[in-house]
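Participant: let's see this in three dimensions:
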Amino acid sequence: MKLITAVSTWSLAAGAGTVLSGTCKDEYAQLGAKLSSTAAIYCPGTAEFQAGSARWSVLSSPRVNVVIVPGTEGDVFETVQFANEKGLPFLAYSGAHGSITTLGRMDHGVEISLSQLSSVTIAPDGRTAEIGGGTLSKTVTDALWAAGKQTVTGTCECVSYLGPALGGGHGWLQGHYGLVADQIISYNVVLANGTLRTVTDKDDLFWGLKGAGHNFGIVTSVVSKIYGSSQKGWAIETLVFSGEKVEVIYAAANEHLTKNGTQPVDVINWSYWYNDPSTDPNGPVIAFYIIQEGVTSVDQIYTQPFRDIGPLSVQPASGTYQDLAGWTGISNSSTPCQKAGTANPRFPIYLREYNATAQKEAYELFANATRGDSAFNNSLFMFEGYSLQGVRAIASRETAFAYRGDNLLVAPLITYAPAGKTLDKEAAQIGNRLREILRKGSGKKEMHVYVNYAYGDETLENWYGSGKWRLERLAALKNRYDPQGRFSFYGPIA
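Facilitator: Next comes the predicted model:
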């Protein structure tokens, strides 16, 4: 790794007008004198602090005393050094959509909001782009699309680009290119000791950042591979079913789509379970999405088996890559992108294929727990079936992300208005029971968990893989780069 040689420039810019909002302790004014003119410091009692510290899920969310908004990468390492000197915990925020309950271990300290580090700069050769640490996924997608380029990002528009990448990062284009993390060729990282370094594939930390990156530093920018876009069209067919069809739907998904991990590279299947009394008052509906690239309508070879099951409705649509998030209900304007003060724990598990019997058992539990006037009636069950060719082209040993052999990512999302620990416990029981039904149905003893969706009660083996060598390698990296556990709030290794 190399130390970035711009310290003198940042020092010269420090103290040239950092914004301080609210009543701050003098020590924060002292920090402000070291920050760039574009940085900001927000303290409690201000609208800026309230907005800056808000999270998508309020269950076991971190509590902070101050929000620092760096204007430069140098401001990040100045802030980390300040927090270290004062003995204060610190936590980076980008999209603030991580809902893992281990975040609640932070009961005071410094938030480092990366919102101003938002940029996409395409290299002259058009093969890479430098992306700022606080850039949101939609910003990346739109900037590249305008230049006739594309790369893998998270699917939800309002999440950060780098947040998912630190845990691997699934995306629409992963069948072509691999995970979000697989695209990154260098990271600028502020380490626990406050130094800013560039990490490449020549460094041991490169492996750890690709799947367990939350444990090692604050990524202020990356250089990512990008690809030419042929501006192909995309199409979707949305089929809505009543719950009584659950077994036959997922048996058909195994046979006609996922095909034990051989789903065509240009095809994606998703589905949601959710309550929609206007469509079916008897229980959650099943919205099944079949998405295809390079066409104006989804090929009947994929859609007809599901039409034959007898959906309540069928809605085809066509457009571009930029329409995918809107079609699947995860655009910036969609409900999942709003910070509405709700608790939103998820209980993810990777599967090789659907077990139709287990799907029915899980559906019945989900329906009984969420229908009617239940406190959980806005909950959602998510089933994500991406193409995998690009993901599997990289050997599992090459990254800290361990689960390249799994075909499906599923997770109940139990949404509710906070009302005390009893309701929190009930939500956790429901989510874990649903997940356990699917684990048992898989026939696997181990439970593979996507750390970016994790609830927080899982084991290290669940998050990062059961191989002894994996955990030993992660522990060695942690001991080298963060021996005091400064990065210990998100899926912590130690």
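Participant: so residue 78 sits against residue 33, correct?
Facilitator: No: judged on Cβ atoms under 8 Å, residue 78 makes no contact with residue 33 at a distance of 10.0 Å. Using the backbone N, CA and C atoms, a C-beta is placed for each residue, glycine as well.
Participant: these two: who's more crowded?
Facilitator: Counted by other Cβ atoms under 10 Å, residue 78 and residue 33 do not tie: residue 78 has more neighbours, with 27 against 12.
Participant: gap between the more buried one and residue 88?
Facilitator: In this structure, residue 78 and residue 88 are 14 Å apart, going by Cβ to Cβ, to the nearest Å.
Participant: is residue 160 in a bridge, and if so with what?
Facilitator: Beta bridges link residue 160 to residue 136, judged by DSSP bridges.
Participant: who are the neighbours in contact with the residue nearest the centre of the chain?
Facilitator: In the chain, the C-alpha closest to the average C-alpha coordinate belongs to residue 164, at a distance of 3.7 Å (Cα atoms, centre = their mean). By Cβ atoms under 8 Å, 6 or more residues apart in numbering, the contact list for residue 164 reads 137, 153-154, 170-171, 180, 452.
Participant: would CSV of those with neighbour count be doable?
Facilitator: Formatted as CSV, the entries for the contacts of residue 164 read as follows, by neighbours: other Cβ atoms under 10 Å:
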residue, neighbour count
137, 28
153, 31
154, 28
170, 20
171, 25
180, 30
452, 27
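Participant: what is the nearest of the residues you listed to residue 292?
Facilitator: Among these, residue 171 lies closest to residue 292 (Cβ to Cβ), at 16.2 Å.
Participant: that closest one reaches residue 179, doesn't it?
Facilitator: Yes: applying Cβ under 8 Å, one finds residue 171 in contact with residue 179, separated by 7.4 Å.
Participant: residues that sit against both of these two, list them.
Facilitator: What both residue 171 and residue 179 touch, as defined by Cβ under 8 Å, 6+ apart, is the set residue 152.
Participant: if we can go back for a sec, the residue nearest to the centre of the chain - nearest residue in space that isn't next to it in sequence?
Facilitator: Taking Cβ to Cβ, 6 or more residues apart in numbering, and ignoring the residues beside it in sequence, residue 164 has residue 154 as its nearest neighbour in space, at 4.0 Å.
Participant: can you give me the helices for the stretch 101-250 of the chain?
Facilitator: When secondary structure is read from DSSP state H, counting those that start in this stretch, the stretch 101-250 of the chain shows helices at 137-146, 162-166, 174-177, 205-212, 246-253.
Participant: which of those is buried the deepest?
Facilitator: Scoring those by mean neighbour count under mean count of other Cβ atoms under 10 Å gives helix 162-166 as the most buried, with a mean of 30.
Participant: what's the mean pLDDT across that helix?
Facilitator: Regarding helix 162-166, the rounded mean pLDDT is 98.
Participant: distance between it and the chain's centre?
Facilitator: 6 Å (Cα atoms, centre = their mean, to the nearest Å).
Participant: okay, now the unreliable bits of the stretch 251-400 of the chain?
Facilitator: Applying pLDDT under 70 to the stretch 251-400 of the chain flags no residue at all.
Participant: ranges for the strands of it?
Facilitator: Assigned by DSSP state E, counting those that start in this stretch, the strands in the stretch 251-400 of the chain fall at 267-274, 285-293, 313-319, 349-351, 380-385.
Participant: so which elements touch the third one?
Facilitator: Read that as strand 313-319. In terms of contacts (3 or more Cβ pairs under 8 Å, 6 or more residues apart in numbering; DSSP states H and E), strand 313-319 is packed against strand 234-241.
Participant: run through who's touching the strand it packs on.
Facilitator: Among residues not part of strand 234-241, those counted as contacts by Cβ under 8 Å, 6+ apart are 249, 279, 285-298, 303, 306-307, 309-321, 323-324, 327-328.
Participant: try 7 Å
Facilitator: Around strand 234-241, the neighbours that count as contacts under Cβ atoms under 7 Å, 6 or more residues apart in numbering are 249, 279, 285-293, 295-298, 303, 306, 309, 311-321, 323-324, 327.
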